[in-house]
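>>> Pasted the sequence and its predicted model underneath.
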Amino acid sequence: MEKVIKNNTLYFDGCNTVELAKEYGTPLYVISETAIVEKCSEIKETFLNRYERTRAAYASKAFLTLSMCKIIEREGLCMDVVSGGELYTAMKAGFPAERIELNGNNKSVEELELAVEYGIGRIIVDGLDELEIIEAICREKGKKADILYRVTPGVKSDSHDYIVTGKKDSKFGIPLDDEVIFPAVEKAINSEYVNFLGFHFHVGSQLHDNESHLKALDIVLKLIKDTKEKYGFATPELNIGGGFGIKYTDADNSKPYAYFLDPMMEKIQQFSKDLGITRPEIVIEPGRSIIGEAGITLYTVGTIKDIKGVRKYVSVDGGMTDNIRPALYQAKYEGLAANKADEPKTDMVTICGKCCESGDVLIRDAQVTQLKRGDIFAVFSTGAYGYAMASNYNKNPLPATVLVKNGKAELIVKRQSYEHMIENELIPDSLK
Ligand code: LLP
């Protein structure tokens, strides 16, 4: 999303961010609806409308609220959920069950029961024992679930080790050893309780290179070929996951969806022709790329400590509780003083949070203008995995979220209150 500077002030989707901070308080997540819609439109133009029999399921783990479900529904996308809580949120928002797909490496029986009960579109099964649980549920409920198998193609992708998922040493998916995958496939094809539709893979997240997607695709196409040869089964669907990288800093060379998807589609089309099968329906699961750059976080500057010859710490009123990514993945961000947006950046500081944790740093060595207590500091590209991974560490309440669009702002998540934070806590009689 284009950041505009007017009268020394940062505007985001037409909204004066300093006014937003004043009105809603800080820390504040600000989400641009225009930016989300732009990404959805790019997906529609360059993928969904370009190739028939395709779907895009927004990976809701990146950012999920009731309002986000409404936007995704209106934009015509499907939704990928990975827990009972995400499924509940989508259903509460009235998201059509048949457009929901459930992933997860350890779905509980209750989560699977809910999925079957609601009649969601797909269950992406992570292993043979999960298939057996689903079969038992379907048998009991007299339903038939549409399933795919998530497989681990065994490729290494270029991203932080915590967010690569396609390598063999992974808790996700079914490894492609013949003695493991083929009995599972055979059982699913022959099951009277599930419709086996095909395969799913996801190689990793925040990728700027299409190499690991293409390598994984080759491996899974070979699996489709083997499945055809062994069982005469023409795989009707293939889910190629998400992982498309975004721009956090100038060092990130993010690419359009087509850079990843066109060469994959070309490969799949040629492969299907050669094998003499109808090209499988292709599903993608983008999360970060839809919401990441659509979000910024606003903070108020507090204590500033200039340790001569060492470092200048500028503390803000949030930190790892609203954005764990720098602490967890050494993720890099950029930011700007929203109320001094045009002023020369003559200072080098470390923007840190307020948690009792030395690793609670948001931006190390940020080139900024001279900051002082009370300034509003904006951190960019925080839409994905910020609010989604937020915590109450140090009993800091979760920030509010506003949705902005063409100069209009609406609250979509209220700031958590102290009361709400301790709502579920009890004092047993023995301590009273
Ligand atoms: N599909 C599956 C099966 C996934 O596991 C993921 C992400 C996605 C789709 C969406 O990937 P995306 O398009 O957002 O890259 N918390 C980490 C990211 C973890 C991603 C886990 N899986 C972070 O903040 O970088």
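In hand now; what should we look at?
>>> which non-adjacent residue is nearest Tyr231?
Nearest in space to Tyr231, with sequence neighbours left out and distances taken as Cβ to Cβ, 6 or more residues apart in numbering, is Ile189 at 5.6 Å. For the C-beta atoms, the positions are set from N, CA and C on the backbone; glycine is no exception.
>>> Not counting its neighbours along the chain, what's nearest Ser67?
The spatial neighbour of Ser67 that comes closest, neighbours along the chain excluded (Cβ to Cβ, 6+ apart), is Ile412 at 4.1 Å.
>>> What strands flank the helix or strand harbouring that neighbour, and is each parallel or antiparallel?
Secondary structure assignment for Ile412, by DSSP states H and E: strand 408-413. Strands that pair with strand 408-413, judged by DSSP bridges, come out as strand 400-405 (antiparallel).
>>> if I read this right, Ile224 contacts Leu238, doesn't it?
Yes: using Cβ atoms under 8 Å, Ile224 is in contact with Leu238, at 7.2 Å.
>>> what touches both of these two?
In the contact map built from Cβ atoms under 8 Å, 6 or more residues apart in numbering, the residues linked to both Ile224 and Leu238 are 198-199, 280.
>>> Out of these, list just those in strands.
Among these, the residues falling in strands (DSSP state E) are 198-199.
>>> So which bits of the chain are right by the ligand?
With the criterion set to Cβ under 6 Å from any ligand atom, the chain comes near the ligand through 59, 62, 80, 103, 163, 165, 202, 205-206, 241-244, 285-289, 325, 329, 385, 389.
>>> quick one, what contacts Pro183?
Contact partners of Pro183, counting by Cβ under 8 Å, 6+ apart, are Leu128.
>>> Give the full set of residues in contact with the residue positioned nearest the centre of the chain.
For the chain, the residue sitting closest to the mean C-alpha position, by Cα atoms, centre = their mean, is Ala62 at 2.5 Å. The neighbourhood of Ala62, defined by Cβ under 8 Å, 6+ apart, consists of 287-288, 290-292, 383-385, 388.
>>> That one and Gly241, how far apart?
The spacing between Ala62 and Gly241, counted by Cβ to Cβ, to the nearest Å, is 13 Å.
>>> Equivalent analysis for Glu285, please.
The separation that Glu285 has from Gly241, given Cβ to Cβ, amounts to 5 Å.
>>> repeat for Lys225
Summarising the geometry, the distance separating Lys225 from Gly241, computed by Cβ to Cβ, is 20 Å.
>>> Mind checking which of the residues of the chain next to the ligand are in strands?
Counting by DSSP E, the residues of the chain next to the ligand place 59, 80 in strands.
>>> Now, the residues of the chain next to the ligand that are in helices?
288-289, 325, 329 (DSSP state H).
>>> which of the residues you listed lies closest to Gln269?
Checking those against Gln269 with Cβ to Cβ, the nearest one is Ser289 at 23.1 Å.
>>> so what's the closest residue in space to that closest one that isn't next to it in sequence up against?
By the measure of Cβ to Cβ, 6+ apart, the closest residue to Ser289 outside its immediate chain neighbours is Phe244, 4.2 Å from it. Remark: with contacts taken as Cβ under 8 Å, 6+ apart, Phe244 is in contact with 207, 254-255, 257, 260, 286, 288-289.
>>> buried subset of the residues you listed?
Neighbour-count burial within the contacts of Phe244 applies to 207, 254, 257, 260, 286, 288-289; the criterion is 16 or more other Cβ atoms under 10 Å.
>>> Rank the residues you listed by pLDDT and give me only the lowest.
Per-residue confidence across those is lowest for Ser254, with 92 (pLDDT).
>>> hang on, that one in a helix?
No: if the criterion is DSSP: H, G, I helix; E, B strand; the rest coil, then Ser254 is coil and not within a helix.
>>> ok now do it, which residues does it touch?
Listed by Cβ under 8 Å, 6+ apart, the contact set of Ser254 reads 208, 244-247, 289.
>>> Need the contact partners of the next helix or strand after the strand holding Ile412.
Later in the chain than strand 408-413, the nearest helix or strand by DSSP H and E is helix 418-421. Counting contacts by Cβ under 8 Å, 6+ apart, the residues outside helix 418-421 that touch it are 392, 395, 397.
>>> PyMOL command to pick out the buried ones of those residues?
In PyMOL syntax, the buried subset of those is picked out as below (16+ other Cβ under 10 Å):
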select buried, resi 397
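>>> Can you lay out the contacts of helix 418-421 as a markdown table showing distance to Gln370?
Shown next, in a markdown table, are these (distance: Cβ to Cβ, whole Å):
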| residue | distance to Gln370 |
| --- | --- |
| Asn392 | 33 |
| Lys395 | 32 |
| Pro397 | 30 |
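>>> Which member of the contacts of helix 418-421 is positioned nearest the ligand?
Lowest distance from the ligand to the contacts of helix 418-421 (Cβ to the nearest ligand atom) belongs to Asn392, with 18.0 Å.
>>> thinking again about what came up before, got any residues that touch both of Glu285 and Gly241?
Counting by Cβ under 8 Å, 6+ apart, the shared contacts of Glu285 and Gly241 are His202.
>>> quick check: angle from the biggest strand by length in the chain to strand 400-405?
Within the chain, and with DSSP E defining each element, the longest strand by residue count is strand 295-307. On the basis of axes from the mean of the first three to the mean of the last three Cα atoms, to 10 degrees, strand 295-307 is oriented at 130 degrees to strand 400-405.
>>> Next secondary structure element downstream of strand 295-307?
Along the chain past strand 295-307, the next helix or strand (assigned with DSSP H and E) turns out to be strand 311-316.
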